[in-house]
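In: No letters, just coordinates:
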């Protein structure tokens, strides 16, 4: 029941030596979704998770740094003889982006389908619901909330026995919501277990739709192009500061904040320091870091680093830093 | 009087973890030229030489792996407030590529000029002549020969003295080709010194125009997508094998052969082994390796690796491999 986000590219606008252009890989129960696809994404995938066949792509908006990796990626799938169709979701205008892909890199032999997703739309891929919400950027832009359906509550075996129910078909019916011989689900089962949820903002200034969509998320991937000292500039350009990202995380009561889309002027620690002043569990992932989202009853989401040569994955980047330091 | 080629991306068609898509940086006496600009080139530049302001770009043909890095690169120059115009040379159709750049990434505030360069055309950038020659690929494609003008011969000071010429204006006139008091340049100067020359094939099968253009080059950067075992496939697709690249190098009497545009199935040593059977000075550079081209009287061109952390540049990759092995 895996659910994780891999940060494939964490730079904003211009790549740096350490950070590639925007892309996030969402893995959920065998399904692979890509959110945004900046220039170089196919190679970033090759270098991290491997270039898995994707189940769908979601684009947040049409600034070039968020989709110019798409023509090459679609072409590479074709060179690898992909056969099944691929749907690319995005705001109104997504068809034009796919037309660009064909015009620049040629048509693919598999079908590429454009799907316009407007704020409030929900599409389901595998067992994951993806809802678009309105972002506040220059021009049309959305963010995506990805969430599971709630799971039924746990069976209380003592209560089952007390009500004289035998394991078997009757219990199955009760589990699926029916009342059998006067015994209702609530009599033998705990409360429904909340599905997991992650939110990716794309590019945005703070806005109500984002705050609402982020409520109670396990993970908020929030752009933080600037620091508070550049708050005015951030606002003018439709971007956020680390402080604003943290305020959203705090107000939406999320569990973990991951800040991405950093201006090339910043390295990460400045953002973490600023954000943690209002939301302690704030982080700036590096490219290829990932967050695993456990079921709510099983633990907290944690930012981890991939295994490097001769090194195991560790729970926290700072732990790994310490280990690296020790071996230098 | 520097003259060097940095291999910015050495993969063909699809990037691998180690090799980026096609791009070569040519440095000549302070001038910086880019030949081809595959997806991810701007970041490859950032990671190697730094993202220098380019003086011109040359595209060999319009398959997507050779130019999809251009929109992002041009946009990044704009974000960095570039002001001077940039000319992008290429075969007929280059204007359409630049239109794509504008449509996808927006217009730049500096001027981007498309220049159609047809086989036989020569343009001069700084002190370097760039001639296009016809390549044999699928569709319109060119390669580029880049060469210096010949330099005047060396002054023979003994002959100068024997002819009674004083250092000063008279000698200057003789050096510039005039005859003064019956003393001609040939009386006091050695033969003209041949300019340096490099050739980049772009994508091509073997062809006469390439052989002619490559004659006596200091460096031939030849695509070698396949090995001889795939010779038929190479020919069908308009590509070359390592053996064919080496035969060209041998027949054109070049000094050093660098093979690029490798299919992702290959790692390099197979190509070197095959090519060296007919042309010993054959190499497969890694990304960011470079070749410096000394004046002919000063030495031979050599493939080198960039300095890595805590390591100095070495003359040969195999030497560096040995050093790395020794410190593991």
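Out: Received the coordinates, thanks. No experiment lies behind these values; they were computed from the predicted model shown. Numbering: from 1, shown residues only, chains lettered A, B, ... in the order given.
In: CA only for contacts and neighbour counts going forward, please
Out: Noted.
In: So which bits of chain A are right by chain B?
Out: Within chain A, the positions near chain B by C-alpha under 8 Å from any C-alpha of the partner chain are A:13-17, A:20, A:39-40, A:42-44, A:46-47, A:63-65, A:68-69, A:72, A:76, A:100, A:104-105.
In: Can you select the buried ones among these for me in PyMOL?
Out: In PyMOL, this line selects whichever of those come out buried by 16 or more other C-alpha atoms under 10 Å in any protein chain shown:
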select buried, chain A and resi 13+14+15+16+20+39+40+42+43+44+47+63+64+65+68+69+72+76+100+104+105
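In: can you tell me which of the residues of chain A next to chain B are in helices?
Out: Among the residues of chain A next to chain B, the residues falling in helices (DSSP state H) are A:42-44, A:46-47, A:72, A:76, A:100, A:104-105.
In: Please work out the average pLDDT along stretch A:263-275.
Out: The average pLDDT within stretch A:263-275 is 96.
In: Quick one: end-to-end distance for that stretch.
Out: 16 Å (C-alpha to C-alpha, to the nearest Å).
In: Buried residues, that stretch. List them.
Out: In stretch A:263-275, counting by 16+ other C-alpha under 10 Å, buried: A:263-264, A:267-268, A:271-275.
In: returning to that earlier point: which pair in the ones in helices among the residues of chain A next to chain B has the greatest spatial separation?
Out: Spatial extent of those (C-alpha to C-alpha) is set by the pair A:47 and A:100 at 25.9 Å.
In: tell me which element residue A:143 falls in.
Out: If you go by DSSP states H and E, residue A:143 is part of strand A:142-147.
In: The next helix or strand after that strand - contacts with which helices or strands?
Out: Next helix or strand after strand A:142-147 toward the C-terminus (DSSP H and E): helix A:157-162. Packing contacts for helix A:157-162, counted by 3 or more C-alpha pairs under 8 Å, 6 or more residues apart in numbering or on different chains; DSSP states H and E, involve helix A:185-188.
In: What residues sit buried inside the helix it packs on?
Out: Under the neighbour-count criterion of 16+ other C-alpha under 10 Å, helix A:185-188 has A:185, A:187-188 buried.
In: Looking at those residues, which one is closest to residue B:208?
Out: Of these, the one sitting nearest to residue B:208 (C-alpha to C-alpha) turns out to be residue A:185, at 81.9 Å.
In: wait, the closest one sits on residue A:172?
Out: No - if you go by C-alpha atoms under 8 Å, residue A:185 and residue A:172 don't touch, sitting 10.2 Å apart.
In: How many residues are close by residue A:166?
Out: By the other C-alpha atoms under 10 Å in any protein chain shown criterion, the neighbourhood of residue A:166 contains 10 residues.
In: how close does the closest residue to it other than its chain neighbours sit to residue A:185?
Out: Once flanking residues are discounted, residue A:166 sits nearest to residue A:160: 7.6 Å by C-alpha to C-alpha, 6 or more residues apart in numbering or on different chains. Distance, residue A:160 to residue A:185, using C-alpha to C-alpha: 10 Å.
In: ok, back up a step: next one: the residue nearest to residue A:166 from chain B, what distance?
Out: Distance of residue A:160 to chain B, given as C-alpha to the nearest C-alpha, to the nearest Å: 55 Å.
In: Just to check, that residue is in contact with residue A:190?
Out: No - with contact defined as C-alpha under 8 Å, residue A:160 does not count as touching residue A:190 (11.6 Å).
In: quick one, which of those two is more surrounded?
Out: More crowded of residue A:160 and residue A:190, by other C-alpha under 10 Å: residue A:160, with 17 against 13.
In: Can you pull the phi/psi pair for residue A:269?
Out: Phi and psi for residue A:269, reported as degrees, to the nearest 10, are phi -60, psi -40.
In: Count the residues that sit near the closest residue to it other than its chain neighbours.
Out: Nearest non-adjacent residue to residue A:269, counting by C-alpha to C-alpha, 6+ apart: residue A:284, 7.5 Å away. The local packing of residue A:284 (other C-alpha under 10 Å) involves 25 other residues.
In: what's the helix or strand for residue A:233?
Out: Residue-wise, residue A:233 maps onto helix A:231-237 under DSSP H and E.
In: and what of residue A:173?
Out: Here residue A:173 sits within helix A:169-175, counting by DSSP H and E.
In: got the residue ranges for the helices in chain A?
Out: A:41-47, A:70-79, A:94-105, A:157-162, A:169-175, A:185-188, A:208-214, A:231-237, A:242-251, A:269-276, A:317-327.
In: How far does the longest one sit from its chain's centre?
Out: To tie it back to what came earlier, the one meant is helix A:94-105. Taking C-alpha atoms, centre = their mean, to the nearest Å, one finds the center of helix A:94-105 at 25 Å from the center of the full chain.
In: Any buried residues in it, and which?
Out: Here helix A:94-105 shows A:94-95, A:97-98, A:100-102, A:104-105 as buried, counting by 16+ other C-alpha under 10 Å.
In: try the fourth one
Out: By neighbour count, and taking 16+ other C-alpha under 10 Å as the criterion, the buried residues in helix A:157-162 are residue A:160.
In: so where is the stretch 1-150 of chain A shaky, pLDDT-wise?
Out: Applying pLDDT under 70 to the stretch 1-150 of chain A flags no residue at all.
In: So what's the residue count around residue A:109?
Out: Neighbours of residue A:109 using other C-alpha under 10 Å come to 15.
In: show me the contacts for it.
Out: Applying C-alpha atoms under 8 Å, 6 or more residues apart in numbering or on different chains, we find residue A:109 in contact with A:78, A:82-83.
In: check contacts around residue A:240.
Out: Residue A:240 is in contact with A:203-206, A:223-226, A:231, A:234, counting by C-alpha under 8 Å, 6+ apart.
In: and the gap between it and residue A:101?
Out: For residue A:240, the distance to residue A:101 - C-alpha to C-alpha - is 30 Å.
In: now the helices of chain A in a markdown table, with distance to residue B:166?
Out: Shown next, in a markdown table, are the helices of chain A (distance: least, C-alpha to C-alpha, whole Å):
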| stretch | distance to residue B:166 |
| --- | --- |
| helix A:41-47 | 64 |
| helix A:70-79 | 65 |
| helix A:94-105 | 64 |
| helix A:157-162 | 112 |
| helix A:169-175 | 109 |
| helix A:185-188 | 112 |
| helix A:208-214 | 83 |
| helix A:231-237 | 67 |
| helix A:242-251 | 72 |
| helix A:269-276 | 67 |
| helix A:317-327 | 67 |
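In: Flag the shaky bits of the stretch 201-328 of chain A, pLDDT-wise.
Out: A:308-328.
In: quick one on the thing from earlier: list buried residues within the contacts of residue A:109.
Out: For the contacts of residue A:109, a neighbour count by 16+ other C-alpha under 10 Å gives the buried set as A:78, A:82.
In: Out of the contacts of residue A:109, which is nearest to chain B?
Out: residue A:78 (10.9 Å; C-alpha to the nearest C-alpha).
In: ok, for the closest one, nearest residue in space, not its chain neighbours?
Out: Spatial nearest neighbour of residue A:78, chain neighbours left out: residue A:108 (5.6 Å); criterion: C-alpha to C-alpha, 6+ apart.
In: on that earlier part again, what does the strand holding residue A:143 rub up against?
Out: With C-alpha under 8 Å, 6+ apart as the test, strand A:142-147 has contacts from A:60-61, A:90-91, A:118-119, A:128-136, A:195-203, A:210, A:213-214.
In: same thing with stretch A:284-301?
Out: When contacts are defined by C-alpha under 8 Å, 6+ apart, stretch A:284-301 is touched by residues A:2-10, A:18-20, A:48, A:194-196, A:218-219, A:255-256, A:258-260, A:268-269, A:271-272, A:302-306.
In: Only the buried residues of that stretch, if you could.
Out: Buried residues in stretch A:284-301, counted by 16+ other C-alpha under 10 Å: A:284-295, A:301.
In: Need the distance between the two termini of it.
Out: End-to-end distance of stretch A:284-301 (C-alpha to C-alpha): 14 Å.
In: How about the contacts made by residue A:3?
Out: If a contact means C-alpha under 8 Å, 6+ apart, then residue A:3 has A:26-29, A:292-294 as its contacts.
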